[in-house]
Structures are given as C-alpha cells and as structure tokens.
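Enquirer: Quick one: sequence plus predicted model below, questions after.
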Amino acid sequence: MKKIYLFCDGSSLGNPGFGGYCAILRYNSVEKIIKGARRDTTNNQMELMAVIEGLKALKEPCIVEITSDSSYVVKGINEWLVNWQKRNFAKVKNPQLWKEYLEVSKKHKIVANWVRGHNGHEENERCDKIARQEAENLKNRG
C-alpha cells in the first residue's frame, strides 16, 4: 500500500456562514490540492469535508496519515467514532458527514494526527490560507 500524507483545514466566515476547505495530498514528492466551498456551513463541517474530499481523490487503498488542527476531526476519527456508530449517531453533530467519512475511509488505513493551528506548520498554514480564500471567493460571488 502506498503511504499518503493528507494535510487539511477548513474555514468558516461566520458559524454558520460561507465556508471553505482544503486538503493537500502528498505521495513522495507529488502534491495534489483539493479545495472547495459551501454556503451556510460551520467550521467543523468544513474541517471534516476537507478530509472526506481528500480521501475521495485517492484511486486505490492507501495508508493515509491525516494531519489536522481540528481536535473535532482528529478525536472523532481516533476516539469517538466507534461509540458514535454503536449509538447510530444519536445526538452527534454532522452525522451525515461522519457517515460519508466512514464510507470513503473504509478501504484505507487511517492515522489522524493533531497539530496546533496557526503555529508555523507549513502545510497546515497553506491549507488554512486556501480554505479561507475559498470561503471568501464564494462570499464575494454572493
């Protein structure tokens, strides 16, 4: 299995508001940027959307090391998801996105790591800038 690094971030101008997401996929020295925007969304939704869209872009099963500054995403993946599934996502925010994550992640081996945001992590800073720009572009389009 190939080892892929997935760096990601989400942004929301208001909570809810115009949102943007970015994922940087890296395999060896090759990078691919996945980005997009949504209306009437939250920061947590965009953080998770970055992971989902990044995983969707992978064409084969991989070992994926996710790096995110979102405790919600990292703890969701590493700690909470098992119990959420047992409870059929009762009282869980964003259940459809988490179910989509489960679907797109099932063929991969996932490890999620948390990094402090706005703390000089190169890829996290790039993702933050791109995600924010995506949200601002959508807002400016009206």
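Expert: Received, thanks.
Enquirer: Excluding residues flanking it in the chain, which one is nearest Leu125?
Expert: Wrong residue type there; residue 125 is Glu, not Leu. His118 (7.5 Å; C-beta to C-beta, 6 or more residues apart in numbering). C-betas here are computed from N, CA, C, even on glycine.
Enquirer: That neighbour and Cys127, how far apart?
Expert: 12 Å (C-beta to C-beta, to the nearest Å).
Enquirer: The two: who's more crowded?
Expert: In this view His118 and Cys127 are compared by other C-beta atoms under 10 Å, and Cys127 has more residues nearby, 30 against 9.
Enquirer: Name the SS class of that one, please.
Expert: helix (DSSP: H, G, I helix; E, B strand; the rest coil).
Enquirer: so where does the nearest residue to it once chain neighbours are set aside fall, helix or strand?
Expert: The shortest distance from Cys127 to any non-neighbouring residue, by C-beta to C-beta, 6+ apart, is to Asp9 (3.7 Å). According to DSSP states H and E, Asp9 maps onto strand 2-14.
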